[in-house]
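[1] From the sequence below, what's the structure:
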Amino acid sequence: MSTRLDPRGNAVSIDGLVLRTPGLDGDVTVSRPTRRTLRAEAKLTAEFDQALRNEGVQSQWLVEIGNASERPRAAAPTRSTSFGEDAWELTVPAPNDAWEQFVLYRDEAGVVSWEFARDDGGQVDTRRGGASRTYVLPRRVVQADPGTGTRGAFTAIGSKLLSVVAFKLIDPAIGAVGEFFAEKWEQKKRPYRLRTFTPDDYDQPDGAAIDDAMWRRLAGGRALLLVHGTFSRAHTGFGGMPRSFVEQLHAIYEGRVFAFDHFTLSHTPRENIDWLLERLPADRDLDLDILCHSRGGLVSRTLAEKQGELAASRRAVKVGRVVFVAAPNGGTALADSKHMGSFIDSYTNLVNFVPDNGFTAVLEGVITVAKILATGTVRGLPGLRAMDPRGEFLPWLNAPATTPAVYHALASDFEPAQSGWKEWAKNRLMDSIFKSANDLVVPTVGVYDANGSDHFPIRDRLEFARSDGISHTAFFGDRRAQEAILGWLG
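    Here you go, the predicted model:
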């Protein structure tokens, strides 16, 4: 079913949906794709379609706006987004009481945002039993870069595409989507474990558990522990490493290399280290160096600086050198509950424009957070909120503490090359949230700058410039980053 938008802001009804698009003209088509046709009509790659299937998300409507153009703003009242952007409205029938919904919005350049229903006060609308839901969407009109498109989660589109999707409020395998949903989801799909990390299994999900023989080997000399970041596992967060680089790490540590898979959404870094310390063998002394990425830096610092304050600490684990890669040591404003939608937007666009190893698993985590945001139960994400500079965890971590560990850091100031993505990153992240250089997830200087801890600023560091093109998830494939890490750990 197709019709024309009204740039004067008058309501346009089509197939039970209502659009108000003051200042925006174009052709709109609405369809109700089945599971068989969703991937083709929504222009999804197999990986993103699979992530939606894995998380039980079903399509209700697909709205495509072609030939979009801006017109002088009409006198009719209009709303703006929470970032002050000019907006238009999409009103859809509310799901029944057993379901909740959100909108996946892609613009002409392939830039993605997760949108949640808003009430008249601009807050996420979680009321049950209403007749409809209204989504306030940024009224951006951008041009796709010729011949580039995206190469990750979606295929190139050249038009605006909105997928109205729904999910059950009680997941048949996990339970109710609410405050404890993320923890139950991680227990089922991202369980804790200590695993091998060898040149043969480092990028595979089935790395072996650390057995007694391996513990004896790890305790036989200096060992290397790898700690992944948000939405990741060891095989996805570090899977982009070349095999030759992993072989060099093994040569330095004579094979004493292992990794820590842990909860990143529902447990704080303190809880992560409590779990780790409780499972270390009491009769083995460990002398560890650590290579960590993103939120894994906070987990690593908890082990290096705060062991004595943890209930699970039965004995000291000696930490020698720590290499922080894009770690939010000073926090990230994206972890503030009011910006968490932009947090998952950033990760989605990263896997869309610069896909890395295992991005289906990352998307599953993003979808899980989207469900929690749609239901207004952000309290169930203490693992993410631990990165909030104004939260409870970082002031505890960034306090004077003594550790013999030596710190090194890799950071980046990243600017997308694609014009549509570049414009979104500037308007949303640079101008409205970070207001400083960043890698699309973490402020650049926050990786290494003074933050209250005795061990900052980190002076032994490598900082990539915008011209280097290193985003938050792209460090380990870069030869300069590899050489720096080998130099520090060697």
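[2] So for stretch 426-446, mean pLDDT?
    On average, the pLDDT along stretch 426-446 is 93.
[3] list the buried ones in it?
    Residues of stretch 426-446 classed as buried by neighbour count (16 or more other Cβ atoms under 10 Å): 428-429, 432-434, 437-446. C-beta coordinates here come from the backbone N, C-alpha and C atoms, glycine included.
[4] and the gap between residue 430 and residue 172?
    Going from residue 430 to residue 172 by Cβ to Cβ, to the nearest Å gives 42 Å.
[5] Got the domain ranges for this protein?
    According to automatic domain parsing, the chain comprises the domains 2-168, 181-489.
[6] Packed most tightly, which of the ones you listed would that be?
    domain 181-489 (a mean of 20; mean count of other Cβ atoms under 10 Å).
[7] After the helix or strand bottoming out on mean pLDDT in the chain, which helix or strand is next? Please name it.
    Counting by mean pLDDT, DSSP states H and E, the chain has its least confident helix or strand at helix 35-41, which shows a mean of 64. The first helix or strand that comes after helix 35-41 along the chain, using DSSP states H and E, is helix 46-54.
[8] confidence score at residue 314?
    For residue 314, pLDDT reads 60.
[9] mean pLDDT for the domains of the chain: which is lowest?
    domain 2-168 (a mean of 81).
[10] how long is that domain end to end?
    29 Å (Cα to Cα, to the nearest Å).
[11] Show me how far that domain is from its chain's centre.
    21 Å (Cα atoms, centre = their mean, to the nearest Å).
[12] Equivalent analysis for stretch 317-325, please.
    Using Cα atoms, centre = their mean, the distance between the centre of stretch 317-325 and that of its chain works out at 24 Å.
[13] In terms of helix, strand or coil, where does residue 368 fall?
    Going by DSSP: H, G, I helix; E, B strand; the rest coil, the secondary structure assigned to residue 368 is helix.
[14] so how far is residue 56 from it?
    Using Cβ to Cβ, residue 368 is found at 11 Å from residue 56.
[15] same deal with residue 388?
    29 Å.
[16] Equivalent analysis for residue 196, please.
    32 Å.
[17] Could you do residue 24 as well?
    For residue 24, the distance to residue 56 - Cβ to Cβ - is 33 Å.
[18] what's the answer for residue 479, then?
    Where residue 56 is concerned, residue 479 sits at a distance of 41 Å (Cβ to Cβ).
[19] With residue 320 instead?
    44 Å.
[20] Contacts only, for residue 335.
    Contact analysis of residue 335 by Cβ atoms under 8 Å, 6 or more residues apart in numbering lists 328, 343, 384-388, 391.
[21] Swap in 7 Å and give it another go.
    Counting by Cβ atoms under 7 Å, 6 or more residues apart in numbering, residue 335 touches 343, 384-385, 387-388.
[22] Secondary structure and distance to residue 48 added to these, as JSON lines?
    Shown next, in JSON lines, are the contacts of residue 335 (DSSP: H, G, I helix; E, B strand; the rest coil; distance: Cβ to Cβ, whole Å):
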{"residue": "343", "secondary structure": "helix", "distance to residue 48": "18"}
{"residue": "384", "secondary structure": "helix", "distance to residue 48": "21"}
{"residue": "385", "secondary structure": "helix", "distance to residue 48": "26"}
{"residue": "387", "secondary structure": "coil", "distance to residue 48": "25"}
{"residue": "388", "secondary structure": "coil", "distance to residue 48": "28"}
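[23] Considering those, which is situated nearest to residue 296?
    Proximity of the contacts of residue 335 to residue 296, judged by Cβ to Cβ, is greatest for residue 387, which lies at 11.2 Å.
[24] What residue, apart from its backbone neighbours, is nearest the closest one spatially?
    residue 335 (3.7 Å; Cβ to Cβ, 6 or more residues apart in numbering).
[25] Pull up the gap between the one you found and residue 212, please.
    From residue 335 to residue 212 the distance is 38 Å (Cβ to Cβ).
[26] now swap in residue 95 and tell me
    Distance of residue 95 to residue 212, given as Cβ to Cβ: 51 Å.
[27] Check whether residue 109 really touches residue 159, as I assumed.
    No. Counting by Cβ atoms under 7 Å, residue 109 stays clear of residue 159, with 10.6 Å between them.
[28] Quick check: what element follows the helix or strand encompassing residue 274 along the chain?
    Using DSSP H and E, residue 274 sits within helix 269-279. Toward the C-terminus, helix 269-279 is succeeded by strand 287-293 as the next helix or strand (DSSP H and E).
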